[in-house]
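> Please find the sequence and the predicted model below.
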Amino acid sequence: MSLETELERLRRSLNERAELGDLLEAKREVEHFVSYASAQQAQDACAHFESAGWSVDRSDGQDANGLFPVRVYRRQAIDAESAERSIRAIYAINEQHHGYYDGFGAMVVLAEGSEPQGFFSRLFGRQGSDG
């Protein structure tokens, strides 16, 4: 997936999170998933990510597609500027090591005492007056 496509996907995700009540400026662990064709590429990329201030978890083996998966993560806010800067940094390092970007994830952070909205309300068993 191209960087521009991923940034557009990020913007949609942040808008959806904001509508659900996510406090985007709150710090939380944000993780990115990348993979590499060889164990050496994965090892080199991990060293690069770590030198850039990221933490990494890597698998010792290949996934079902024959790639070596790596989880890159750190604690940060996911406001639009911070999140975009992170994805750009991940893409830049990943590109240098010929990796594949598989997406990102982060917990939703709600204001203390607030009720989850929409899907999260149903997920946590709390439905509002709309059903």
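Okay, I see it. Since we're looking at a predicted model, the values are computed, not measured.

> Taking the centroid of this protein, which residue is nearest it?
The geometric centre of the chain, computed from its C-alpha atoms, lies nearest to Phe104 (Cα atoms, centre = their mean), at 2.2 Å.

> Which phi and psi values does that residue adopt?
phi -140, psi 170 (degrees, to the nearest 10).

> Touching the helix or strand where Glu29 lies from outside, list them.
Here Glu29, judged by DSSP states H and E, is contained in strand 28-36. Contacts with strand 28-36, where a contact means Cβ atoms under 8 Å, 6 or more residues apart in numbering, come from 42, 45, 63, 65, 67-78, 83, 86-87, 90, 94, 97-107, 109. In this view, the C-beta of every residue, glycine as well, is placed from N, C-alpha and C.

> Show me what counts as buried in that strand.
Within strand 28-36, the residues scored as buried using 16 or more other Cβ atoms under 10 Å are 30-36.

> Widest-spaced pair of these?
Spatial extent of the buried residues of strand 28-36 (Cβ to Cβ) is set by the pair Val30 and Tyr36 at 20.4 Å.

> Give me the below-cutoff pLDDT ranges for this protein.
For the chain, the stretches with pLDDT under 70 are 113, 115-131.

> So which residues of it form helices?
Along the chain, counting by DSSP state H, helices occupy 3-20, 39-51, 80-96, 118-123.

> Keeping just the C-alphas, turn the second one into CSV.
Pointing back at helix 39-51 there. Only the C-alpha atoms of helix 39-51 are listed here, as CSV (Å, rounded to 0.1, in the frame of the first residue of the first chain):
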residue,chain,number,x,y,z
ALA,A,39,15.5,-12.6,8.3
GLN,A,40,18.5,-10.3,7.7
GLN,A,41,16.3,-7.5,6.4
ALA,A,42,14.1,-7.9,9.5
GLN,A,43,17.1,-7.8,11.8
ASP,A,44,18.6,-4.7,10.1
ALA,A,45,15.2,-3.0,10.1
CYS,A,46,14.7,-3.7,13.8
ALA,A,47,18.1,-2.2,14.6
HIS,A,48,17.2,0.9,12.6
PHE,A,49,13.8,1.2,14.3
GLU,A,50,15.4,0.9,17.7
SER,A,51,18.0,3.5,16.9
